[in-house]
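Asks: Quick one: sequence and predicted model below, then my questions.
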Amino acid sequence: MTGKKKIVQYVHGMVVLFVLWYGISALAELPVIPSPLAVMSNLVQIFYGKMMVHGFYSLWRIFAGVFLSTVFGMPIGLCMGYFERWDRILSPIVYLIYPIPKIALLPMIMLLFGLGDLSKIVIMILIIIFQVIVAIRDGVKSIPKEAYDPLYSLGAGYMDIFKEIIIPASLPKLLTSLRIAMATAISVLFFTETFGTQYGMGYFIMDAWMRVNYLEMYSGIVVLSIIGLALFIAIDILEERLCRWHCSRR
Amino acid sequence: MTGKKKIVQYVHGMVVLFVLWYGISALAELPVIPSPLAVMSNLVQIFYGKMMVHGFYSLWRIFAGVFLSTVFGMPIGLCMGYFERWDRILSPIVYLIYPIPKIALLPMIMLLFGLGDLSKIVIMILIIIFQVIVAIRDGVKSIPKEAYDPLYSLGAGYMDIFKEIIIPASLPKLLTSLRIAMATAISVLFFTETFGTQYGMGYFIMDAWMRVNYLEMYSGIVVLSIIGLALFIAIDILEERLCRWHCSRR
Amino acid sequence: MIETRDLTVVYKSRNSCYTALDKITMAILEGETCALIGPSGCGKSTLLKVLAGIIREFEGQVAIKNQPVMPKRHRIGFIPQNYGLLDWKNVYQNVTLGLRIKDGKKKIDRNDIAHILDLLGLKGLEERYPNELSGGQQQRAALARAFLLKPDLLLMDEPFSALDAITREEIQDVFLYVWKKNPVSTILVTHHVEEAVYLGKKIVILSDSPGRILKILDNPLFGENDLRNKEDYFQMCLELRKIIKEDWSK
Amino acid sequence: MIETRDLTVVYKSRNSCYTALDKITMAILEGETCALIGPSGCGKSTLLKVLAGIIREFEGQVAIKNQPVMPKRHRIGFIPQNYGLLDWKNVYQNVTLGLRIKDGKKKIDRNDIAHILDLLGLKGLEERYPNELSGGQQQRAALARAFLLKPDLLLMDEPFSALDAITREEIQDVFLYVWKKNPVSTILVTHHVEEAVYLGKKIVILSDSPGRILKILDNPLFGENDLRNKEDYFQMCLELRKIIKEDWSK
Amino acid sequence: YSKEAMKGNNVYQESITIGILPDVDSIPFIIAQEKGYFQEEGLRVTLEQFKSAVDRDSALQSGSLDGAVSDILAAAFAKDNGFPMVITSMTNGSYKLLVNQNENIDDIQGLSGRDVAISKNTVIEYVTDKIMMEGGLTPDDIHKVIVPKIPIRLEMLQKGKVVAATLPEPLATVAIKEGAKLLNSSDHLDINPGVFIFTAKAVEEKSGAIQAMYRAYNKAVEFLAKESPENYMDMLIEKGGFPETVKGAITLPQYTKAAVPSEEEVHDVIAWLYKRQLIKNSYDYEELVNDQFVR
Ligand SMILES: Nc1ncnc2c1ncn2[C@@H]1O[C@H](COP(=O)(O)OP(=O)(O)OP(=O)(O)O)[C@@H](O)[C@H]1O
Ligand SMILES: Nc1ncnc2c1ncn2[C@@H]1O[C@H](COP(=O)(O)OP(=O)(O)OP(=O)(O)O)[C@@H](O)[C@H]1O
Ligand SMILES: [Mg+2]
Ligand SMILES: [Mg+2]
């Protein structure tokens, strides 16, 4: 698909959402659901002066969180997918920790990691990493066993097997898990950026909410959603680059 | 794997976690991190009298949320994966809504759905459904195109193609998305069950937290994590049943 | 009757085009068998995929019974070169796939299936999944699917390539037996000159890629009893081999 | 030297066992070629997989140069029946896979590769992915990989099955050319009696499943020049065919 | 008409839904509910428990509640953003500035340049600022650390991650009980930004019910004044979500019968908000407060 066509699509999607939003806000006629027009004009007003700095803080936290989760989660997921033993030992632990609402561990994390960015990123990682691990593990498990045969007969070591088979074959699932991780990271900002900081989109939205300023709150949401869209598009482009064999299928 | 072996594993996993937790709690010596022994004895005391009812409320909300998310999300994901057109039209919308922190839409959801179970389940669905959609869409996209050839040459309709190819071939990914959805549903309880109800594990944990009763809070977390484990095991068993072709690979 | 007129197929990959078939014009009468011979990579599979309705982007005209290819209307039995078995269905489910889709579940005649499976030496393997079969067994399962369907048009891409010499002759005779009961227009791709002479009433020889029609031979020997032991047969094979050798080395 | 003694392989599926090979005892001398003939499903591929170190659960002894099978130590060129190309690598990457793993990236000799690709008629296809190749081209890519590796032991499972008669003879000669430069112990599975006589110094005939050794023939004609046009060759083929027919129908 | 309702075999004529938090401001409502005072007034009251102020405000703004235990700041914010809300009475709450037990600080001056945990743009920050000014500091002299979740703020204080924190009751009592030192409190300064607010719609449509609610509220205040805390503490702990440990330790505020907040109180809060540009307009007392129910 050409870049131009894509842009048309995304604009199209935005327009659809706007119309929907407009409809709901017109029906509700309550400041709880401000009209998108009001939000956009507010957004334009406050973006440079007030919001951009929050956006950058959040971006860096998203990057750090997703990056670290992938760096730690990917190898674990890959190993759990490939080595029966790892899966046997680790999956009960993952299954037990995954469903815990990590926010409930906030007091513990703040005590261990303080109030700064570190504890924010730790929470983010705690939330995201399990999604990454489970998605990658399942992806690796779904590689047909025959795919390994050529490498086994070559006596390839684990490094080669990971490099030549497991990583490329599970790359599409890896990107799926990246998508999910990223979206989660963004929505988690909302909890992590409410303490110990005065910067970040999460803080911005929460602060606006506390001040019952729904216009600003929705401006923040719009910006967050555009950040998300941009990152999603980046992953789509990455996929087209990396999985050419995959896209080239008829 | 036999059932007995599995149980041994899970017990093993729990023991490992307990030892870890014990270590941390012993090092920290803080009420914020109570010792697992204290938590377990507290849990045993309060489980029947106090906690079980919360557990059942939460279970039903988890089921409702996951079930409805799957019922709505699966067809959308399948269609987005198979029909280029659906993907083109819907993915910008999904990419825009997915990263929004849904809790920020609380006022809107309360306005539309009130304070009761409905709005709790709507939030849950809003959070989960996009994970389901994206995971299933990506799963369907990764089916090799040749797999469709036999059905195309038979002139099979869409229903047949979904039934014979898309659903069975993406079943493992479907289960992955179910796993992620479920874990998310559980941790989302923590936000949805804090208003408009006095029942549910989310309420229980939050209430204990506000009362600074870390023993009860951790008891709640342990129960939540065991609920999660049980549901994960259920999905694993489902997988073994449904994907026999998948497991039977050498 | 199957007719193609100036059929040209071009594969488009990322940044290049590749002409696989170049102006193929041929006709096969109702109930006739046609053997397709051509050097590796000349476009035989491509031609079959066009007739099976899998490749829908081509230039020129293709007609089955004076209609454009419509897998929905026609009953096409297609055996792809890689057998086209569905990994997630066992032999029985794979074999009955065509019947299920074309006639619905109820019309399945278990005796008929048992008979064909027996003829093809697949008895006792009904419950196996494709990855638990040997190559030849997989190929025979694909043949069973096509035979059971009782198609109007049978397209077979190297259908006996994975069979040993003896089984091959047996299965060729099974094909003739099925075909005689119900003479269906058939195109089979083969690399065996003997097979072409034994099974093809018409023999079409394609040129090296891009595939063009070099010669269309009528085979007077087709259908004679005990053909394999006749002197004429050897002569015809030798002759054909000579033609091929001359034409392809040009 | 390759030796097996009482080699028995049993496949275990969910609730049944299946004996694929039954007490195979055979020996192939250093630098000898051996053609393996057997009815479909008798366990030829299984035997090759054992020698390639892919199937590691078997009874009896298997030794390559008096050592147990150790793909890490030996240099095994294995062509599986389904070619074993990696979908996510293009032809060039697939063909050099063995070299990369055994010798590292640096030792790759581009001239050698170009030479082999040329001999096998793959020139110009280096950038294609396997799913953009015809069946025969895929098979030739697999052959290129094995030839380039210059292995100690070459295992080929029906390596010419997807090639047309003429290409087949050419590629058989390519094999002999490569083999003569570097006489490697070779086992090839074939369904062609002619191929067995042309390429096998030793011809091993297996029984119907479970595979047992029926006969081991020494082929005095192997290696003679212009063999294909000699009367002896025809005689030998006829004889072999007779043996097979008698033995297998028992 | 309350007598009639009672005779009429508990046929409830009007119902209202109010939001409460686990704080001391909400105690009279819990008492009124549990002691059946609402029922006596022929009123069906649904008390919705919230665990955070934003949840409560969202419910109020989306029309799920008729009224809520809240504060002047929330009322001003709502007003400023177009939500028609009215302050109908004040409630009695208490906010305390506490210092970690190991710190050698015993006046406000000692906090200069130190970490104080608060939540931003809330009544907590307002009270903190007031305390600073009373003690001779400006709000900028301390380093405000934002920790919105109250239990976490408590924990940070206890573990010395911050030097001081402003906490509402009943968690302030928990902190004191475990050693934290009280530096100053809203009671001490005689400020009380806690108020009860109703939506304009409820004021219009349910004025009878609101009056009845306040009658019940006053009964509860009477009850609180005469009864000793042991007699109802267990009930509060169970129904109000209070920590077990406050039992016997907490000193509840002096509950007053329903009355409107003083003009000065409201004015101070509005001035504070306006100065910090948290609201666009400065509001008069009359614009925010409706005294018809508690006159
Ligand atoms: N997806 C594709 N993209 C580009 N080229 C392709 C693609 N698929 C096939 N080709 C090329 O088209 C030509 C014809 O392919 P086809 O599979 O029809 O050959 P074939 O006659 O069946 O050969 P074989 O006997 O080896 O199976 C080949 O040269 C192949 O390389
Ligand atoms: N995973 C498996 N589980 C059970 N049975 C199996 C499995 N794989 C192969 N078999 C059986 O083992 C026997 C030998 O299989 P193998 O693939 O070695 O046959 P083959 O001699 O290569 O046949 P072909 O010529 O058809 O390729 C077959 O009868 C097959 O059905
Ligand atoms: Mg082909
Ligand atoms: Mg085989």
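Replies: Nice, thanks for sending it over. Numbering: from 1, shown residues only, chains lettered A, B, ... in the order given. Ligands and ions are numbered 1, 2, ... in the order given.

Asks: in the sheet, who's paired with residue C:26?
Replies: For residue C:26, the beta-bridge partners under DSSP bridges are residue C:4.

Asks: gap between it and ligand 1?
Replies: According to Cβ to the nearest ligand atom, to the nearest Å, residue C:26 and ligand 1 sit 15 Å apart. No exception for glycine: its C-beta is placed from N, CA and C like everyone else's.

Asks: quick one: contacts for that residue?
Replies: C:3, C:4, C:204, C:213, C:216 (Cβ atoms under 8 Å, 6 or more residues apart in numbering or on different chains).

Asks: from the chain's centre, how far out does whatever helix or strand residue C:154 lives in sit?
Replies: According to DSSP states H and E, residue C:154 maps onto strand C:153-157. Relative to its chain's centre, strand C:153-157 lies at 3 Å (Cα atoms, centre = their mean, to the nearest Å).

Asks: out of the contacts of residue C:26, which one sits closest to residue B:46?
Replies: Ranked by distance to residue B:46 (Cβ to Cβ), the contacts of residue C:26 are led by residue C:4 at 78.4 Å.

Asks: thought the closest one was touching residue C:23?
Replies: No - using Cβ atoms under 8 Å, residue C:4 and residue C:23 do not qualify as a contacting pair, with a distance of 9.4 Å.

Asks: Find residues that contact each of those two.
Replies: Common neighbours of residue C:4 and residue C:23 (Cβ under 8 Å, 6+ apart) are residue C:60.

Asks: more crowded one of those two?
Replies: Between residue C:4 and residue C:23, counted using other Cβ atoms under 10 Å in any protein chain shown, residue C:4 has the larger neighbour count: 24 against 16.

Asks: And the strands in the stretch 101-250 of chain E?
Replies: E:115-118, E:143-146, E:164-168, E:181-185, E:194-199 (DSSP state E, counting those that start in this stretch).

Asks: Turn those strands into CSV, including distance to residue E:131 and mean neighbour count.
Replies: Below are the strands of the stretch 101-250 of chain E laid out as CSV (distance: least, Cβ to Cβ, whole Å; neighbours: other Cβ atoms under 10 Å in any protein chain shown):
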stretch, distance to residue E:131, mean neighbour count
strand E:115-118, 10, 24
strand E:143-146, 13, 19
strand E:164-168, 8, 28
strand E:181-185, 5, 19
strand E:194-199, 16, 28
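
Asks: which stretches of the stretch 101-250 of chain E form helices?
Replies: E:123-134, E:150-158, E:171-177, E:186-189, E:200-205, E:207-226, E:230-240 (DSSP state H, counting those that start in this stretch).

Asks: which stretch among those helices comes nearest residue B:166?
Replies: helix E:150-158 (46.9 Å).

Asks: Show me how far that closest one is from its chain's centre.
Replies: Distance of helix E:150-158 from its chain centroid, counting by Cα atoms, centre = their mean, is 19 Å.

Asks: which secondary structure elements does that helix contact?
Replies: Applying 3 or more Cβ pairs under 8 Å, 6 or more residues apart in numbering or on different chains; DSSP states H and E, one finds that helix E:150-158 contacts helix A:106-113, helix B:201-210, strand E:115-118, strand E:164-168, helix E:171-177.

Asks: and that helix, what's its mean pLDDT?
Replies: Across helix E:150-158, pLDDT averages out at 85.

Asks: can you give me the angle it makes with helix E:123-134?
Replies: Interaxial angle, helix E:150-158 versus helix E:123-134 (axes from the mean of the first three to the mean of the last three Cα atoms, to 10 degrees): 40 degrees.

Asks: Show me which residues of helix E:150-158 are buried.
Replies: Buried residues in helix E:150-158, counted by 16 or more other Cβ atoms under 10 Å in any protein chain shown: E:150, E:151, E:152, E:153, E:154, E:155, E:156, E:157, E:158.

Asks: So what touches that helix?
Replies: Counting by Cβ under 8 Å, 6+ apart, residues outside helix E:150-158 touching it are A:106-107, A:110-111, A:115, A:195, B:32, B:209-210, B:212, E:98, E:100, E:117-119, E:145, E:147, E:161-162, E:164-165, E:167-168, E:171, E:174-175, E:178-180.

Asks: Report the buried members of these.
Replies: Judged by 16+ other Cβ under 10 Å, buried ones among these: A:106-107, A:110-111, A:115, A:195, B:32, B:209-210, B:212, E:98, E:100, E:117-119, E:145, E:147, E:161-162, E:164-165, E:167-168, E:171, E:174-175, E:180.

Asks: Look up which residues are beta-bridged to residue C:213.
Replies: residue C:206.

Asks: correct me, but it touches residue C:202?
Replies: No - here residue C:213 does not reach residue C:202: they are 11.6 Å apart, not a contact under Cβ under 8 Å.

Asks: Please identify which of the two sits among more neighbours.
Replies: A count of neighbours by other Cβ under 10 Å puts residue C:202 above the other of residue C:213 and residue C:202, at 20 against 17.

Asks: what about the nearest residue to that one once chain neighbours are set aside, which SS state?
Replies: Spatial nearest neighbour of residue C:202, chain neighbours left out: residue C:34 (4.4 Å); criterion: Cβ to Cβ, 6 or more residues apart in numbering or on different chains. The local conformation at residue C:34, judged by DSSP: H, G, I helix; E, B strand; the rest coil, is strand.

Asks: burial measure for residue 159, as a count.
Replies: No chain in the question, so chain A it is. 9.

Asks: ah, no, chain E please
Replies: 15.

Asks: who touches the residue nearest to it when sequence neighbours are not counted in this structure?
Replies: Using Cβ to Cβ, 6+ apart and skipping the chain neighbours, the partner closest in space to residue E:159 is residue A:111 (5.9 Å). If you count contacts by Cβ under 8 Å, 6+ apart, residue A:111 has them with B:28, B:30, B:32, B:33, E:155, E:159, E:161.

Asks: quick one: contacts of the helix or strand hosting residue C:77?
Replies: Element membership for residue C:77 (DSSP H and E) is strand C:76-79. Counting contacts by Cβ under 8 Å, 6+ apart, the residues outside strand C:76-79 that touch it are B:149-150, B:153-155, C:48, C:51-54, C:84, C:98, C:142-143, C:145-147, C:149, C:151-157, C:159, C:184.

Asks: Among those residues, which ones are in strands?
Replies: Counted as lying in strands by DSSP state E, out of the contacts of strand C:76-79, are C:153, C:154, C:155, C:156, C:157.

Asks: returning to that earlier point: nearest to ligand 2, of the helices of the stretch 101-250 of chain E?
Replies: With Cβ to the nearest ligand atom as the measure, helix E:150-158 is the member of those nearest ligand 2 (56.3 Å).
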